[in-house]
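Undergrad: any chance you could fold what I've pasted below:
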Amino acid sequence: MVLGINLIFSRWTYRVLADARKGTRKVRERTIWVQDQGKSRESRSTFESVGNFLQEIERAGADAELTQQESEQPQLLQKILCQGVGAACGSTDDAVIYVPKGRYLLSPIRFKGESCKSLDIFLRIDGTLVGSEDFRCLGREETWLSFERVTGVSVIGGSLDAKGPSLWACKGSSSNNCPSGATTISFMGSSRIKVKGLLSLNSQMFHIVINRCRNVKIEDIRILADGKSPNTDGIHVQLSTDVEIHNASIKTGNDCISIGPGTKNFIGSLGKDREEEGVQNVTVKKTVFVGTDNGLRIKSWANPTSDVLCESGVRINDVIYQGIRGTSATKIAVKLDCSSKSPCTHIRMNDINLRYANEAAKYSCVNVLGDTLGLVKSQACF
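TA: This is a model prediction of the structure:
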């Protein structure tokens, strides 16, 4: 089994491969790999621990060792990735960190970018990173793979399997000793972030969290978890700007994509906290919803205290629903229920065709002001 770290310098990639059978060899590339014809040799140009890592590489990569060496393997890969990122950050050029094919146990890891000199860092994953079978190893942490205050980081390809079902089972039992669980991958206080071609499996909690970030692009990803898995939101975005999500397939137990103003524990609805920046300039298009409890939902929090509801803390306005077609599992397909003290205003329905069974679906609207344009099947709200 081989584990490699790539670092790009001056438009060339120098790939240091640690191979348990052949030692370390050095490869460089522009567009295709060209192996050095010289003898295999150890190189310390990438990070200091290559020699030490050679002694442990089989345990980090071999599937047969996963159960026997669980206690040691996660920390081993964590160490090697941290050192790879450290070496990449030390360069002023672009850098690539490469995880080859294979399954690798990984304990929680945190990448911090405050002192990073590199313009761009690419984490290229061709293999699968796996969480421990013991859900407490990840469950005690807030995040499995955490990126904090980084700039120009791209995560390309690969699979992340957080082994969530054991924690879900604990939460579904009568036990009071279940940890909250970890988000699979998060970016906090970061910019120029790209996630492409990633598969996230069975997250303990949220799969992907974008928190206080700007200029983020997520594309060509898949997210999978059981439909009854608790709090396994697909992508949660909060306190962030210029976030794009393209070509994502999300099948999970909670919100597929949630967008909120942000709370301490990433969970909450609009108006839950007294001082929130709100959510604005969100566009959803070319999206298919299948078997969801709600297709498009804007949810607010009435802030209940005893028997008192505070209904004036959230204002919803300037929302356009356009070009929506499909079927509803309930007779009421559109429900707009707004506050009498702060009605929803400037709501527009344009070209809506929703059906229930073999008839047009119904609309339910309370305290809503707006207009209807184009073809709208059934009687709309206004």
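
Undergrad: can you list the residue ranges for strands in the stretch 101-250 of the chain?
TA: 103-105, 109-112, 121-125, 128-130, 143-148, 151-156, 159-161, 183-188, 191-196, 199-201, 208-211, 214-224, 235-238, 241-251 (DSSP state E, counting those that start in this stretch).

Undergrad: return the list of helices and strands in contact with the fifth one.
TA: The contact analysis (3 or more C-beta pairs under 8 Å, 6 or more residues apart in numbering; DSSP states H and E) places strand 143-148 against strand 109-112, strand 183-188. For every residue, glycine as well, the C-beta is placed using N, CA and C.

Undergrad: any weak-confidence spans in this protein?
TA: 1-78, 261-276, 301-313, 377-378 (pLDDT under 70).

Undergrad: domain ranges for it?
TA: 2-292, 293-382 (automatic domain parsing).

Undergrad: straight-line length of the last one, end to end?
TA: Read that as domain 293-382. Start-to-end span of domain 293-382 (C-alpha to C-alpha, to the nearest Å) is 25 Å.

Undergrad: re the thing from before, could you dump the helices and strands packed on strand 143-148 to JSON lines with mean neighbour count and distance to L224?
TA: Formatted as JSON lines, the helices and strands packed on strand 143-148 follow (neighbours: other C-beta atoms under 10 Å; distance: least, C-beta to C-beta, whole Å):
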{"stretch": "strand 109-112", "mean neighbour count": "18", "distance to L224": "22"}
{"stretch": "strand 183-188", "mean neighbour count": "24", "distance to L224": "11"}
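
Undergrad: ok, I320 - contacts?
TA: Neighbouring residues of I320 by C-beta atoms under 8 Å, 6 or more residues apart in numbering: R348, N350.

Undergrad: on that earlier part again, between the strands of the stretch 101-250 of the chain, which gets nearest to G86?
TA: In terms of C-beta to C-beta, the element of the strands of the stretch 101-250 of the chain nearest to G86 is strand 109-112, at 9.5 Å.

Undergrad: what pairs with the closest one, parallel or antiparallel?
TA: When pairing is defined by DSSP bridges, strand 109-112 lines up against strand 143-148 (parallel).

Undergrad: CA-only coordinates of the partner strand in CSV, if you can.
TA: Listed next in CSV are the C-alpha coordinates belonging to strand 143-148 (Å, rounded to 0.1, in the frame of the first residue of the first chain):
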residue,chain,number,x,y,z
THR,A,143,-15.8,18.3,13.5
TRP,A,144,-14.0,15.4,11.9
LEU,A,145,-12.1,17.4,9.2
SER,A,146,-11.9,21.1,10.2
PHE,A,147,-10.4,23.9,8.1
GLU,A,148,-10.1,27.2,10.0
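
Undergrad: hmm, who's touching that strand?
TA: For strand 143-148, the external contacting residues (C-beta under 8 Å, 6+ apart) are 106, 108-113, 129, 131, 138, 153, 160, 162, 182-190, 193, 204, 209.

Undergrad: rewinding a little: buried deepest among the domains of the chain, which one?
TA: domain 2-292 (a mean of 18; mean count of other C-beta atoms under 10 Å).

Undergrad: ok, and the closest non-adjacent residue to C82?
TA: Spatial nearest neighbour of C82, chain neighbours left out: I109 (6.6 Å); criterion: C-beta to C-beta, 6 or more residues apart in numbering.

Undergrad: so what sits opposite the one you found in the bridge?
TA: L145.

Undergrad: isn't it up against I80?
TA: No: the criterion here is C-beta atoms under 8 Å, and I109 misses it with I80 at 10.3 Å.

Undergrad: now do the contacts for the residue nearest the centre of the chain.
TA: Centrality entry for the chain: nearest residue to the mean C-alpha point is I208, 1.6 Å, by C-alpha atoms, centre = their mean. By C-beta under 8 Å, 6+ apart, the contact set of I208 is T183, T184, I185, S186, V195, S200, I218, I221, I223, G234, I235, H236.

Undergrad: repeat the analysis, applying 7 Å as the threshold.
TA: Contacts for I208 (C-beta atoms under 7 Å, 6 or more residues apart in numbering) come out as T184, I185, S200, G234, I235.

Undergrad: ok so, going back, closest to D242 out of the helices and strands packed on strand 143-148?
TA: Closest to D242 of those is strand 183-188 (C-beta to C-beta; 13.1 Å).

Undergrad: partner strands of that closest one and their direction?
TA: The pairing partners recorded for strand 183-188 under DSSP bridges are strand 143-148 (parallel), strand 208-211 (parallel).

Undergrad: can you give me the helices in the chain?
TA: Ranges of helices in the chain, per DSSP state H, are 50-54, 57-61, 73-90, 135-139, 165-172.

Undergrad: then the last one to CSV, C-alphas only?
TA: In this case it means helix 165-172. Provided in CSV are the C-alpha atoms of helix 165-172 (Å, rounded to 0.1, in the frame of the first residue of the first chain):
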residue,chain,number,x,y,z
PRO,A,165,-25.0,4.4,12.2
SER,A,166,-23.6,3.3,15.5
LEU,A,167,-24.1,6.8,17.0
TRP,A,168,-27.6,7.0,15.4
ALA,A,169,-28.5,3.7,17.1
CYS,A,170,-27.2,5.1,20.4
LYS,A,171,-29.4,8.2,20.1
GLY,A,172,-32.4,6.1,19.2
